[in-house]
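Novice: Sequence first, predicted model second:
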Amino acid sequence: MMISRRAEIFFGAVGLVTLITAAAAQPNRALPTPSLQTRGEYGLIAIAQSSYAPDTDPTVAASLAASGLQERLRGEVLARVKKLKGYNFAPATQDVAPTMLEVRIERIVLAKDSLMDDAPALVLRARARLVQPAYGRSIYDQKIEFRSPKRTMPEWRAYDAAAVRADLDEGLKELAQKAADDIFLVYAGPQQP
């Protein structure tokens, strides 16, 4: 009798964890992916300025000083999205609109694949969000990442960290393109009856 009670409690807990895990793995229905069918609901879209200070690897921090990363990323995003048809983007100087697009770099690191790896890659991790503050609604919220080719530490430091700056420029462009594509150029696919 005691063993069956313990087994009942154990299998009940396992079942509960399985249900919670399965529910958590489902796509979030509260954050729909934007599609070309819903773009009229956005209204005027402003690209938000960000003064967020990214978590920066100390080995690359000196190379990034005074580079204005967030503003550069904002400019790259604006250059890509302002050409899109069907959307109404606010001028670059305007920060308030019914829909706000925020893309910001959150982390910059030299990341190795393993402890034995002696050639790290420059990794930029960013977050892209499309929100409508007046409605308290988040339309899109996703993490995006850029990973450069691997280089040894002497290669990263060579020529006053020229490789860091070059990969940083490439990373900003790639992150901006990913954000623009993921948020504004998603095809919704055929609708289920």
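Specialist: Perfect, thanks for sending it.
Novice: All the helices of the chain, in order from the start?
Specialist: 2-25, 58-64, 69-81, 153-184 (DSSP state H).
Novice: Next, count neighbours for residue 76.
Specialist: 20 (other C-beta atoms under 10 Å). Heads up, the C-betas are built off the backbone N, CA and C, glycines and all.
Novice: distance of it from residue 155?
Specialist: With the distance defined as C-beta to C-beta, to the nearest Å, residue 76 ends up 25 Å from residue 155.
Novice: just to revisit the earlier point, mean pLDDT for the helices of the chain: which is lowest?
Specialist: Lowest mean pLDDT within the helices of the chain: helix 2-25, a mean of 53.
Novice: can you pull the contacts of the closest residue to residue 132 other than its chain neighbours?
Specialist: Distances taken as C-beta to C-beta, 6 or more residues apart in numbering place residue 99 nearest to residue 132, at 5.2 Å, with adjacent residues excluded. Residue 99 makes contact with 42-46, 130-132, 139, according to C-beta atoms under 8 Å, 6 or more residues apart in numbering.
Novice: Please apply the same query to residue 121.
Specialist: Neighbouring residues of residue 121 by C-beta under 8 Å, 6+ apart: 110-111, 147-151.
Novice: Of those residues, which is the most crowded?
Specialist: Highest neighbour count within the contacts of residue 121, by other C-beta under 10 Å: residue 148, with 21 neighbours.
Novice: got the contact list for that one?
Specialist: Counting by C-beta under 8 Å, 6+ apart, residue 148 makes contact with 121-123, 167, 170-171.
Novice: at 7 Å instead, please
Specialist: Taking C-beta atoms under 7 Å, 6 or more residues apart in numbering, we find residue 148 in contact with 121-122, 167, 171.
Novice: how about it, phi and psi?
Specialist: Dihedral pair for residue 148: phi -80, psi 170, per degrees, to the nearest 10.
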